[in-house]
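A.B. asks: Give me a model of this one.
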Amino acid sequence: MSLWRLQCFIALAAELHFGRAAASLFITQPALSLQIKQLEISLGFELAHRA
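C.D. replies: Numbering: from 1, shown residues only. The predicted structure follows:
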């Protein structure tokens, strides 16, 4: 688990939207989604529901 991945999750929790969270971190949405997925894998459970 990395600090960057936790920061990504915090941004997602604050914005409640992958696109806006990515923009606030100055990264693309697919890059944010990958970081969240990697965090979920390291924790062993889903953090964000994807529609």
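
A.B. asks: quick one, helices of this structure?
C.D. replies: 3-15, 18-25, 29-43 (DSSP state H).

A.B. asks: Out of those, which one sits most buried?
C.D. replies: helix 18-25 (a mean of 17; mean count of other CB atoms under 10 Å). For glycine as for every other residue, the C-beta is placed from the backbone atoms N, C-alpha and C.

A.B. asks: what angle sits between it and helix 3-15?
C.D. replies: Here the directions of helix 18-25 and helix 3-15 differ by 120 degrees (axes from the mean of the first three to the mean of the last three CA atoms, to 10 degrees).

A.B. asks: how much space between the one residue sitting closest to the centre of the chain and A11?
C.D. replies: Centroid-nearest residue in the chain: I36, 3.6 Å away (criterion: CA atoms, centre = their mean). Per CB to CB, to the nearest Å, I36 is found 10 Å from A11.

A.B. asks: Please name the residues that touch F9.
C.D. replies: I36, L39, L47 (CB atoms under 8 Å, 6 or more residues apart in numbering).

A.B. asks: Could you dump those into a markdown table and include pLDDT and distance to Q7?
C.D. replies: Below are the contacts of F9 laid out as a markdown table (pLDDT from 0 to 100; distance: CB to CB, whole Å):
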| residue | pLDDT | distance to Q7 |
| --- | --- | --- |
| I36 | 98 | 11 |
| L39 | 98 | 10 |
| L47 | 96 | 13 |
